[in-house]
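J.: Here is the input, now give the coordinates:
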Amino acid sequence: MSLSSVFNIAGSGMSAQTTRLNTVASNIANAETVSSSIDQTYRARHPVFATMFQGGQSGGSGSLFQDQDAAGQGVQVLGVVEDQSNLDARYEPNHPAADAKGYVYYPNVNVVEEMADMISASRSFQTNAEMMNTAKTMMQKVLTLGQ
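T.: Just a heads-up that it's a prediction; the model follows:
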């Protein structure tokens, strides 16, 4: 692995953490939305990440359990999935969005968990940015070795 590949790896990590931050922001923004139907209620969304390995590897499944000598080339976002856990049904017959039985459905978003996830994603983004700066500094030092 060359020093220049650090930029690609850190860049893919920053891109993945940006997707993670966007899904967290969407979840927090919709945490208190209500619906009169289970099918129309907002469900929390979570990104799914996978390690990208060098293209020449046999198997190529992108699994974390590949050979020990497989070098990672970054991270990719496989997609964003909806959380299938139970929604919060509250009996509020006077609510304008209540169904025929008087229930209002709230999303399955836990704001505390989302805030912790946001802090984690922000720190991961910051770590990748610092890694790029360190690699840049190292490359500059290499250029001055011949002087």
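
J.: Quick check, central residue of this structure?
T.: Geometric centre of the chain, nearest residue: R20, 2.8 Å, by C-alpha atoms, centre = their mean.

J.: Can you tell me, leaving aside adjacent residues, what's nearest to that residue?
T.: Distances taken as C-beta to C-beta, 6 or more residues apart in numbering place A121 nearest to R20, at 4.2 Å, with adjacent residues excluded. All C-beta atoms are positioned from the backbone trio N, CA, C, and that covers glycine.

J.: quick one: the one you found from T18, how far?
T.: According to C-beta to C-beta, to the nearest Å, A121 and T18 sit 8 Å apart.

J.: neighbour count winner among these two?
T.: A121 (20 against 14; other C-beta atoms under 10 Å).

J.: longest strand anywhere in the protein?
T.: Under DSSP state E, the strand in the chain containing the largest number of residues is strand 72-82.

J.: buried sites along that strand?
T.: 73-75, 77 (16 or more other C-beta atoms under 10 Å).

J.: so which of those residues comes closest to A25?
T.: Nearest to A25 among the buried residues of strand 72-82 is V77, at 15.5 Å by C-beta to C-beta.

J.: Could you check how many residues crowd around the residue nearest to the closest one when sequence neighbours are not counted?
T.: In space, and not counting its chain neighbours, V77 is closest to T19: 5.0 Å by C-beta to C-beta, 6+ apart. T19 has 16 neighbours, counted by other C-beta under 10 Å.

J.: Check which helices and strands the helix or strand hosting T19 sits against.
T.: T19 is part of helix 5-29 when elements are defined by DSSP states H and E. Judged by 3 or more C-beta pairs under 8 Å, 6 or more residues apart in numbering; DSSP states H and E, helix 5-29 is in contact with strand 45-53, strand 72-82, helix 111-143.
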